[in-house]
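**Q** Next one to model:
(2 chains)
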Amino acid sequence: MNPETESDDLQAEAGEYVLGTMSAVERQALEARMSSSPALRDAVAAWEARLLPLAYLAEPVEPSPWLWDRIRRSLQVRLADMPKRTAAPSRWQAIWRNLHLWRGLALAGCAAAVLLGGLLSARITAPPAVRYVVVLTAPQSEAPGWIVQASSARRIRLTPLATMTVPEGKALQFWTKGEGWNAPVSLGLLQSGQSLQVSLDALPPLQPNQLFELTLEPATGSPTGRPTGPIQYIGRAVQVM
Amino acid sequence: MDDLAGFDYEAALAACAAGDADALRRLYEHEGPRMLGVVRRIVRNQALAEDIVHDACINIWTRAASFDATRGSARGWIFSVTRHLALNAIRDNHEIAVDDETAAVLDAEAALVAWQASADALAWRTGTGRMAHCLEQLEPVRRSCVLHAYVEGLTHSEIARRIGTPLGTVKAWIRRSLDALRECLT
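**A** Predicted structure coming up:
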């Protein structure tokens, strides 16, 4: 075989390898030869560079939000296995290698995965039935005044059960506060007798015992962003099957 | 080599090799969607594709020190690590079932058309030298073979079945197309 033909064959092989047409066996055989053949390695590298623009023909796909957490956890295992990659780790690297931090993050990641898994399976399997109910009652009389129904953890509807007159220049403001939140969050203003549909997209998913209340506020809503007027109705979320 | 967005792949790999995990995160944030896009076209399964991108990132991290800038671009290295993992995965699982042949034929064509029509086409052309021109020099059916192989990871026989052409012909077309591309791109 003359050198030119040999070089052509090498080019063809390297090209087919990079193009991706080879079988598993052929791929493994070629990869094994690459370690001992600089010419083959160079030919493959040249083909990788030549054909790289074709990779940009595939449309980008947004990875799942938890993929990076998986990668990070795998990386953590490797970092723990080989601690001395550089002589003096920077402060950032010291933080990165802090096992406690990682355990915390891994736990948080697991919790988030469980939560997301729950949410996803709920979305797939749950019939469009009510899953949370809150009955808002007057603090003194405990007379039910409003009902909050959640057909998902993201969307709730507030419906009046009785008529109630709101004084002139005032409005009812609808609030919620979950366990561990610093302050109630406003879900909107309403007049008596109105029903109100609220999206909870900006909030954490509904949780059992989450507090809901209606307070009497100025017509334009609480000036402070927190409840200032008297509580008219109050109740906590109850999960229903 | 920087890309159009000014991302320095070589520096990212060097930082990975030095143990800076934040560099891998930056690389993932910058190139993750493209890596996943490339892999998903080949394996045609989102969950498997994400597994492979995971493995690719770990590979890039552990092998970053072996990257040699004199032998190719950092970006090319990253994509070849990723693509070969995807190719190995589908080859190890034997030939994947082609469920919708027509749609898939259109896919490869659509990819080319989409790229030609895309707003990035000019940047793509400028950024990738003569590839666009050279690809256009190939006969359409041969160009499709090349795209089926590279973008979709099909073997010779899969391509032959896909386009309804004898295996020997497909092999010859691809080999000649590679020769033509190499000549044209040199």
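**Q** now stretch B:139-154: how far from the chain's centre is it?
**A** 12 Å (Cα atoms, centre = their mean, to the nearest Å).
**Q** I'd like the average pLDDT over that stretch.
**A** Average pLDDT, stretch B:139-154: 89.
**Q** Run the contact check for that stretch versus chain A.
**A** Yes. Residues of stretch B:139-154 contacting chain A under Cβ under 8 Å from any Cβ of the partner chain: B:146-147, B:149-151, B:153-154. C-beta here means a position set from N, CA and C on the backbone, and glycine is covered the same way.
**Q** which one of those residues sits closest to A:Ala24?
**A** B:Gly153 (12.2 Å; Cβ to Cβ).
**Q** Tell me who's in contact with the closest one.
**A** A:20, B:41-43, B:86-87, B:90 (Cβ atoms under 8 Å, 6 or more residues apart in numbering or on different chains).
**Q** Buried ones only from these, please, as a ChimeraX command.
**A** A single ChimeraX command selects the buried members of the contacts of B:Gly153 (16 or more other Cβ atoms under 10 Å in any protein chain shown):
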select /A:20 /B:41,42,43,86,87,90
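**Q** Least confident secondary structure element in chain A?
**A** helix A:91-96 (a mean of 51; mean pLDDT, DSSP states H and E).
**Q** Isn't A:Gly178 up against A:Gln210?
**A** Yes. Contact criterion Cβ atoms under 8 Å: A:Gly178 and A:Gln210 qualify, at 4.7 Å.
**Q** picking that back up, want to throw the residues of stretch B:139-154 next to chain A into CSV with secondary structure?
**A** Formatted as CSV, the residues of stretch B:139-154 next to chain A follow (DSSP: H, G, I helix; E, B strand; the rest coil):
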residue, secondary structure
B:Val146, helix
B:Leu147, helix
B:Ala149, helix
B:Tyr150, helix
B:Val151, helix
B:Gly153, coil
B:Leu154, coil
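**Q** Tell me which other helices or strands whichever strand or helix holds B:Arg91 touches.
**A** Element membership for B:Arg91, per DSSP states H and E: helix B:74-92. Secondary-structure packing of helix B:74-92 (3 or more Cβ pairs under 8 Å, 6 or more residues apart in numbering or on different chains; DSSP states H and E): helix A:24-34, helix A:38-55, helix B:9-17, helix B:21-43, helix B:46-63.
**Q** quick one, strands of chain A?
**A** Secondary structure of chain A (DSSP state E): strands at A:132-137, A:144-152, A:155-160, A:170-177, A:185-190, A:196-199, A:211-218, A:231-236, A:238-239.
**Q** thinking again about what came up before, which of the residues of stretch B:139-154 next to chain A sit farthest apart?
**A** B:Val146 and B:Gly153 (12.4 Å).
**Q** Where does the record place the domain boundaries for the chain?
**A** The chain I'm using is chain A. A:3-55, A:67-125, A:132-239 (automatic domain parsing).
**Q** that answer is for a different chain, and I need it for chain B
**A** Residue ranges for the domains of chain B, per automatic domain parsing: B:9-92, B:101-185.
**Q** Out of those, which gets the lowest mean score?
**A** For these, the weakest mean pLDDT is recorded on domain B:101-185, namely a mean of 78.
**Q** And the pLDDT for A:Thr228?
**A** We note a pLDDT of 84 for A:Thr228 in this prediction.
**Q** Spit out the contact partners of it.
**A** So, once contact is read as Cβ under 8 Å, 6+ apart, A:Thr228 ends up touching A:215, A:217, A:222.
**Q** And for residue 176, nearest residue in space, chain neighbours not counted?
**A** With no chain named, the answer covers chain A. Nearest non-adjacent residue to A:Thr176, counting by Cβ to Cβ, 6 or more residues apart in numbering or on different chains: A:Phe212, 5.0 Å away.
**Q** Let me rephrase: I mean chain B.
**A** Looking at B:Arg176 with Cβ to Cβ, 6+ apart, the closest residue is B:Arg142, at 7.3 Å.
**Q** neighbours of the closest residue to A:Val166 other than its chain neighbours, just the number please.
**A** Of all residues not flanking A:Val166 in the chain, A:Ser192 sits nearest, at 4.8 Å (Cβ to Cβ, 6+ apart). By the measure other Cβ atoms under 10 Å in any protein chain shown, the count of residues near A:Ser192 is 14.
**Q** thinking again about what came up before, please tabulate the contacts of B:Gly153 in a markdown table, including the columns distance to A:Ser141.
**A** As requested, the contacts of B:Gly153 are exported to a markdown table (distance: Cβ to Cβ, whole Å):
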| residue | distance to A:Ser141 |
| --- | --- |
| A:Gly20 | 75 |
| B:Arg41 | 65 |
| B:Ile42 | 67 |
| B:Val43 | 64 |
| B:Ala86 | 67 |
| B:Leu87 | 72 |
| B:Ile90 | 69 |
